[in-house]
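In: Provided below for reference: sequence and predicted model.
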Amino acid sequence: MKRFIVFLVMLSFIIASSIQSFALPLGQYSIDGPDIIYYNGKMYIAWAGTDNPKYPHYVNFMSSTNGGKTFGLHGVLPWAETRSKPSLAQANGKFFIAYTELDGAISITWNDDTYMNFSYKYTIPDEYALQGTSPSIASSGNTLFLAWTGTDKRLNTLSMDVSQCNKRIFSVYSKTTLYEYSNYGPSISFGAATLCLAWTDYNKRINVMTKNVNYSTWTNKNVLNEYAKRSPTCKFKYRLISSGNFQLCWTGTDNCLNSVVSLDGLSYTGKKTSDQTSYYAPSVWPLIYSNNSNYSAYYVWTGTDSQLNFSSTF
């Protein structure tokens with residue numbers, strides 16, 4: 001493993017006096033969709049930027065402490081170049097970013113202190129993603145779950161123990177290669193002892209599959225009557241009054257953003273469609289609420305003008 005330097009740019013700009021309007025431009029641009037997570041009291045957004053004229057694909061991230069009204073810390077990882085969307089998760093008290101290298105290798109980087117300094121990366125041995133596709137990560141405790149589309153277009157998942165990442169030790173185990181195929185990367189999420197995998201098949205139809213985290217076999221599958229332009233994004237929403245639910249977002253073949261929710265990760269209802277448009281999948285971070293609001297969430301997406309947008313409504 002090598003040690004790297006992170007370039008941090010301190011900036012603060014006012015997004016809006018309120019976050020009630022739907023589309024709030026963030027003043028940053030991306031070549032793919034962004035990802036979002038709430039970690040350690042802050043909201044983080046990560047994306048593949050347009051920073052390098054030769055390889056305009058550095059991994060960027062920025063944070064907000066006030067629900068997206070303003071964003072402060074802007075980090076650029078000049079050693080992390082990618083052609084696709086990075087993925088975010090928190091595990092073992094740390095913030096992880098997964099991305100596909102320019103040669104298709106799958107790498108993970110993480111902060112090694114409270115100041116979001118990303119000094120090391122770990123590359124999954126002998127695993128490569130289909131060019132132009134993104135890996136996806138989720139977490140439970142000290143375990144990271146990783147999903148990607150291989151060079152043969154088959155979907156893969158694995159789990160890894162990150163409890164000793166400070167010692168640069170990773171235990172990779174439980175890899176599964178599925179007889180499911182896609183031209184795009186899948187999305188993986190975890191909640192209520194359930195892993196949920198979402199992807200688009202060759203016909204661009206959205207598929208979902210679940211399994212109990214304590215078992216090795218993916219047993220439940222549903223093909224939704226929905227079509228996506230690229231990959232969907234699936235996240236788990238914790239609820240104070242129940243175990244929680246999954247939320248699925250995607251860009252339709254008409255470029256409009258869509259969202260549905262599910263209690264079990266398989267059957268989805270309550271579809272909402274926005275007039276906001278993108279060529280890539282949006283991302284969502286569902287919020288914890290004590291009522292039955294299924295759409296209390298933060299949303300981020302790359303507009304058709306390549307600019308990142310943020311909203312707390314859909």
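Out: Received the coordinates, thanks. Keep in mind the model is a prediction, meaning the values are calculated, not measured.
In: ok, then the element right after the helix or strand encompassing Ile108?
Out: Using DSSP states H and E, Ile108 sits within strand 105-111. Sequence-wise, the next helix or strand downstream of strand 105-111 (DSSP H and E) is strand 118-128.
In: what residues of that following strand count as buried?
Out: Neighbour counts over strand 118-128 (16 or more other Cβ atoms under 10 Å) mark Phe118, Tyr120, Lys121, Tyr122, Ile124, Glu127, Tyr128 as buried. All C-beta spots, glycine's among them, are computed from the backbone N, C-alpha and C.
In: distance of Pro135 relative to Leu146?
Out: Applying Cβ to Cβ, to the nearest Å, the value for Pro135 to Leu146 is 6 Å.
In: ok, Trp301 next?
Out: 23 Å.
In: between the two, which has more neighbouring residues?
Out: The neighbour comparison of Trp301 against Leu146 (other Cβ atoms under 10 Å) goes to Trp301, with 29 against 24.
In: can you tell me how far that one is from Met116?
Out: Relative to Met116, Trp301 is positioned 23 Å away (Cβ to Cβ).
In: with Ser30 instead?
Out: 19 Å.
In: how many neighbours does Asn156 have?
Out: Per other Cβ under 10 Å, the neighbour tally for Asn156 reads 21.
In: pull the CA atoms of the helix or strand that contains it into CSV?
Out: Per DSSP H and E: Asn156 is located in strand 154-161. Extracted C-alpha coordinates of strand 154-161, given in CSV (Å, rounded to 0.1, in the frame of the first residue of the first chain):
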residue,chain,number,x,y,z
ARG,A,154,-21.8,-10.7,-14.3
LEU,A,155,-22.7,-9.2,-11.0
ASN,A,156,-20.4,-9.9,-8.0
THR,A,157,-20.7,-9.3,-4.3
LEU,A,158,-18.3,-9.7,-1.4
SER,A,159,-17.9,-8.7,2.2
MET,A,160,-14.8,-7.6,4.0
ASP,A,161,-13.8,-7.0,7.6
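In: give me the phi and psi for Cys165.
Out: Geometry field for Cys165 lists phi and psi as phi -70, psi -30, criterion degrees, to the nearest 10.
In: my guess is it contacts Gly93, does it?
Out: No. With contact defined as Cβ atoms under 8 Å, Cys165 does not reach Gly93; the gap is 10.0 Å.
In: so which of these two has more stuff around it?
Out: Taking other Cβ under 10 Å, Cys165 and Gly93 do not tie; Cys165 has more neighbours (22 against 12).
In: state the distance from that one to Leu195.
Out: 21 Å.
In: mutual contacts of Pro135 and Leu146, please.
Out: Overlap of the contact sets of Pro135 and Leu146 (by Cβ atoms under 8 Å, 6 or more residues apart in numbering) consists of Ala98, Ile106.
In: now for Cys196: which residues touch it?
Out: By Cβ under 8 Å, 6+ apart, Cys196 lies in contact with Ile188, Ser189, Phe190, Val208, Met209, Thr210, Cys234, Phe236, Phe246, Gly265.
In: can you check Ile137 too?
Out: Each residue near Ile137 by Cβ under 8 Å, 6+ apart is listed here: Ser87, Leu88, Ala89, Phe96, Ala98, Ile108, Leu144, Phe145, Leu146, Ala147, Ile188.
In: could you redo the last one with a cut-off of 7 Å?
Out: By Cβ atoms under 7 Å, 6 or more residues apart in numbering, the residues touching Ile137 are Ser87, Ala89, Phe96, Ala98, Leu144, Phe145, Leu146.
In: any idea of the pLDDT on the second one?
Out: If you check Ala89, the pLDDT there is 93.
In: can you check the fourth one too?
Out: The predicted structure scores Ala98 at 96 on the pLDDT scale.
In: how close does it sit to Ser274?
Out: 27 Å.
In: swap in the second one?
Out: Here Ala89 is placed at a distance of 26 Å from Ser274 (Cβ to Cβ).
In: A helix includes Asn166, no?
Out: Yes. Counting by DSSP: H, G, I helix; E, B strand; the rest coil, Asn166 is found in a helix.
In: that one: neighbour count?
Out: 13.
In: one more: the one 3 residues further on?
Out: Taking other Cβ under 10 Å as the criterion, the count of residues near Ile169 is 11.
In: ok, now Ser84?
Out: Neighbours of Ser84 using other Cβ under 10 Å come to 24.
In: can you tell me, leaving aside adjacent residues, what's nearest to it?
Out: Ser134 (4.1 Å; Cβ to Cβ, 6 or more residues apart in numbering).
In: where does that neighbour land on pLDDT?
Out: On pLDDT, Ser134 comes in at 94.
In: same deal with Leu308?
Out: pLDDT for Leu308: 95.
In: what about it, is that helix, strand or coil?
Out: strand.
In: is it true that it touches Val300?
Out: Yes. Using Cβ atoms under 7 Å, Leu308 is in contact with Val300, at 6.3 Å.
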